[in-house]
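*Asks:* Got a sequence here, can you build the structure:
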Amino acid sequence: MTTTSKTSDQSIHLWLKNSLGRKDQTAFMFKKKGQWIKKNYFEYLQLVTHMQSVINEQHVPKGGKVAIMSATRWEWACTDIATLAMGSILVPIYPNLTDDDVVYILDHCEADLLIVDNKKTHAQFERAKARIQKPIKCLVFDELDMDAGYVAESSIQLMIERAAPIKFEDPATIIYTSGTTGKPKGVLLQHQALISEVYEAFSLFQLGPDDLSLAFLPYAHVMGRIEHWGVLFRGCQVAYAESIELLKRNLGEVKPTFLVAVPRIFEKIYSGIATLVATNPIKKTLFNQTLSLAKKIAYYRDTNQAAPITHALAYEGLSKIVLGPIRQAFGGRLRFAISGGAPLSPELGQFFSYLGIRIFEGYGLTETFAAITVNTESHWELGTVGRPIGDVEIKFAADGEILVRSKKILKEYFKNPEATAEAINAEGFFATGDIGELTPGGFLKITDRKKDLIKTAGGKYVAPQKLEGLLKEEPVISQVFICGDQKKYISALITVESLPVDATAEAKSAVLQAIKIQVQKVNSQLASYESIKKFEVLFEVWSVENGCLTPSMKVKRKFIENRYAHIIDDMYGGGSAE
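*Replies:* Presented below is the predicted three-dimensional model:
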């Protein structure tokens, strides 16, 4: 299936020219010494021009590689734009990667320059640099004088004109996929992929100069990159969160009108709300009554019917009392959010819809430069990842694997022709590795990762992602790992992170009971061969730091299998189910 689009008249050169035309409008803001500092588009372009001069001083050639290992910050975005506008290639690196991975990426891409955020990250580079084959200069954002002097408009115009010769086919970025096994692969994406993605995805949403996003996703993740390019394209604003820990405070301070996020953010917010409500019987009753009314109001809205006046008045009153404070937690202006990177449960999407906040789930990979499908205000189907956007063509392999053809897909895996040939067929379709189907309305629905499918000893295939998503509808559950490959039945490892270390035995017992009830509830929705016969609850956090999650917050399946092999073996060593 495909839709038409026009991207041939779009370019980084044009976007930069348009930005100069809105030079007095606010472009971004960041917090410094307790105050939010605003920069308009003219100042933004001054900073980009200055950063391009800094890169030029390091003699990075056209087609050279500039690597960034930094947390999300405005300097990251300026460097990204400066690098691509001069025809060089940007290589993002997560700052929490191991030394081995950093050495591998810098060696593999043959980086000409590395820019890090602070002394801590610079120290990591210093530890590793003796193992890097090619000598490489390292700059530190914290030590750069980003406000060094006034940059004249003529210099900005010269910077913009340097971007004019860049072709669609020129390489733009190499993004190394974190992967759950093996060495990372370098995904080489061209300028046409960036232009096509940003233009076709962000044109679907009503955004103007007063719209504001709060950026907190890592810019090493493709979704974060697309967010800041989308803001530049549409001429709206972005505020930079101080940290993920201060996200709640920053939401209240900057009051965003839209967000680009991953489901984990919404899961944590929902979990916090559910926990708060559960501790107070009166709040719980009011909350449930409000949600029940919201569900009815949503039904009338979605079927173009007028809600009964009694329902409307009751909802209006309860909504202000119960839902108002929750909306204010997002700043009070949030209209919608775009979610991707992992599945969003339909129940979670419905819950936030009742709050008046639509979460538009999309689907894509690093190899497709983010979204190839997305839900929108006018085309939205809960439980799906939306319709194909722009030039995207989708078809399915015999086993249900999603195949994609588009200008958005990678040119190749850098220096890996075997992996490229395996991923892209002779017709130019990229094999996503995900299993899915189209609904009657033309919306894509993801059912599982192909390589993660479990084959039981009885020969039945089980989709772990489906089971994990259903279990995580219980707020006390943080992460889930489903196992059972070549086994007689399915088991699960379930983590809980909301309890303090000194939690009482009664508190732990209540959590275990809630999880047991959730497992029973999920099993009632499954075929017998899919049902979870045993589970083990782990009162610990899976994180990037302890190696259990990838930097993009996906469970490292092989790592988990090895780390908890003794527990998994015990679940298959006899005895009754939990």
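*Asks:* C-terminal to the lowest-mean-pLDDT helix or strand in the chain, what's the next element?
*Replies:* Using mean pLDDT, DSSP states H and E, helix 263-278 stands out as the lowest-scoring helix or strand of the chain, at a mean of 81. Note on helix 263-278: by DSSP states H and E, the next helix or strand toward the C-terminus is helix 281-302.
*Asks:* quick one, that following helix and helix 263-278 angle?
*Replies:* 130 degrees (axes from the mean of the first three to the mean of the last three Cα atoms, to 10 degrees).
*Asks:* what packs against the next helix or strand after helix 281-302?
*Replies:* Per DSSP H and E, the first helix or strand lying C-terminal to helix 281-302 is helix 309-318. On a contact count with 3 or more Cβ pairs under 8 Å, 6 or more residues apart in numbering; DSSP states H and E, helix 309-318 meets helix 281-302. Placement of C-beta: from N, CA and C, glycine included.
*Asks:* chain center to the helix it packs on, what's the gap?
*Replies:* Taking Cα atoms, centre = their mean, to the nearest Å, one finds the center of helix 281-302 at 29 Å from the center of the full chain.
*Asks:* Assign the closest residue to Ile166 other than its chain neighbours to helix, strand or coil.
*Replies:* Among residues not flanking Ile166 along the chain, Gly87 sits closest, at 5.4 Å (Cβ to Cβ, 6 or more residues apart in numbering). With DSSP: H, G, I helix; E, B strand; the rest coil as the basis, Gly87 sits in coil.
*Asks:* Looks like Gly87 contacts Ala164 (just checking).
*Replies:* No. In terms of Cβ atoms under 8 Å, Gly87 does not count as a neighbour of Ala164; the distance is 10.5 Å.
*Asks:* Show me which of those two is the more surrounded one.
*Replies:* Gly87 (21 against 13; other Cβ atoms under 10 Å).
*Asks:* Could you find the closest non-adjacent residue to Arg333?
*Replies:* Excluding the flanking residues, the one nearest Arg333 by Cβ to Cβ, 6+ apart is Lys255, at 4.6 Å.
*Asks:* Report the separation between the one you found and Gln237.
*Replies:* Using Cβ to Cβ, to the nearest Å, one gets 11 Å for the distance from Lys255 to Gln237.
*Asks:* intersection of neighbour lists for the two?
*Replies:* Common contact partners of Lys255 and Gln237 (Cβ atoms under 8 Å, 6 or more residues apart in numbering): Leu212.
*Asks:* Ile517 sits in which helix or strand?
*Replies:* Here Ile517 is assigned to helix 505-523, by DSSP H and E.
*Asks:* residues making contact with that helix?
*Replies:* Here helix 505-523 makes contact (Cβ under 8 Å, 6+ apart) with 467, 470-471, 473-474, 476-477, 492, 494, 496, 499, 531-532, 535, 537, 539, 578.
*Asks:* following that helix, which helix or strand shows up next?
*Replies:* strand 532-538.
*Asks:* Give me the sheet partners of that next one and which way each runs.
*Replies:* strand 490-495 (parallel) (DSSP bridges).
*Asks:* pLDDT of the partner strand, averaged?
*Replies:* In this model, strand 490-495 has an average pLDDT of 96.
*Asks:* Same check on stretch 67-87?
*Replies:* 98.
*Asks:* In CSV, list the C-alpha atoms belonging to it.
*Replies:* Written as CSV, here are the backbone C-alpha positions of stretch 67-87 (Å, rounded to 0.1, in the frame of the first residue of the first chain):
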residue,chain,number,x,y,z
ALA,A,67,30.9,11.6,16.1
ILE,A,68,29.0,12.9,19.0
MET,A,69,28.9,11.1,22.4
SER,A,70,26.7,13.3,24.6
ALA,A,71,23.4,13.6,26.4
THR,A,72,20.7,15.5,24.7
ARG,A,73,21.4,19.2,24.7
TRP,A,74,21.0,22.2,22.3
GLU,A,75,24.7,22.0,21.3
TRP,A,76,24.0,18.5,20.0
ALA,A,77,21.3,19.8,17.7
CYS,A,78,23.4,22.7,16.4
THR,A,79,26.3,20.3,15.7
ASP,A,80,24.0,17.9,13.9
ILE,A,81,22.7,20.7,11.6
ALA,A,82,26.2,22.2,11.1
THR,A,83,27.7,18.8,10.2
LEU,A,84,25.0,17.8,7.7
ALA,A,85,24.8,21.3,6.1
MET,A,86,28.5,21.1,5.3
GLY,A,87,28.2,17.6,3.7
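*Asks:* List the buried residues of it.
*Replies:* 67-87 (16 or more other Cβ atoms under 10 Å).
*Asks:* Which ones among the residues you listed map onto helices?
*Replies:* Trp74, Glu75, Trp76, Ala77, Cys78, Thr79, Asp80, Ile81, Ala82, Thr83, Leu84, Ala85 (DSSP state H).
*Asks:* From what I see, the second one and Phe141 are in contact.
*Replies:* Yes. With the criterion set as Cβ under 8 Å, Glu75 and Phe141 qualify as a contacting pair; they are 4.6 Å apart.
*Asks:* re earlier: ok, the residue nearest to Ile166 - contacts?
*Replies:* Neighbours of Gly87 in contact, by Cβ under 8 Å, 6+ apart: Lys62, Gly63, Arg162, Ala163, Pro165, Ile166, Asp170.
*Asks:* ok, now which ones touch Leu382?
*Replies:* Applying Cβ under 8 Å, 6+ apart, we find Leu382 in contact with Pro346, Gly349, Gln350, Ser353.
*Asks:* let's see 6 Å
*Replies:* Pro346, Gly349 (Cβ atoms under 6 Å, 6 or more residues apart in numbering).
*Asks:* So it: helix, strand or coil?
*Replies:* Quick answer, by three-state DSSP: Leu382 is coil.
*Asks:* how close does it sit to Arg358?
*Replies:* Per Cβ to Cβ, Leu382 is found 10 Å from Arg358.
*Asks:* Kindly report the same for Leu499.
*Replies:* Counting by Cβ to Cβ, the gap from Leu499 to Arg358 is 32 Å.
*Asks:* can you check Phe233 too?
*Replies:* When Phe233 is compared with Arg358 (using Cβ to Cβ), they lie 21 Å apart.
*Asks:* And the two? Which one has more around it.
*Replies:* Taking neighbours as other Cβ under 10 Å, Phe233 and Arg358 compare with Phe233 leading, 22 against 19.
*Asks:* on that earlier part again, make a ChimeraX selection of whichever of the contacts of Gly87 turn out to be buried.
*Replies:* To isolate the buried members of the contacts of Gly87 in ChimeraX, using 16+ other Cβ under 10 Å:
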select :162,163,166,170
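*Asks:* Rebuild the contacts of Gly87 as TSV, extending it with pLDDT, distance to Lys295 and secondary structure.
*Replies:* Formatted as TSV, the contacts of Gly87 follow (pLDDT from 0 to 100; distance: Cβ to Cβ, whole Å; DSSP: H, G, I helix; E, B strand; the rest coil):
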residue	pLDDT	distance to Lys295	secondary structure
Lys62	93	57	coil
Gly63	95	55	coil
Arg162	93	55	helix
Ala163	95	50	coil
Pro165	95	56	coil
Ile166	96	50	coil
Asp170	97	50	coil
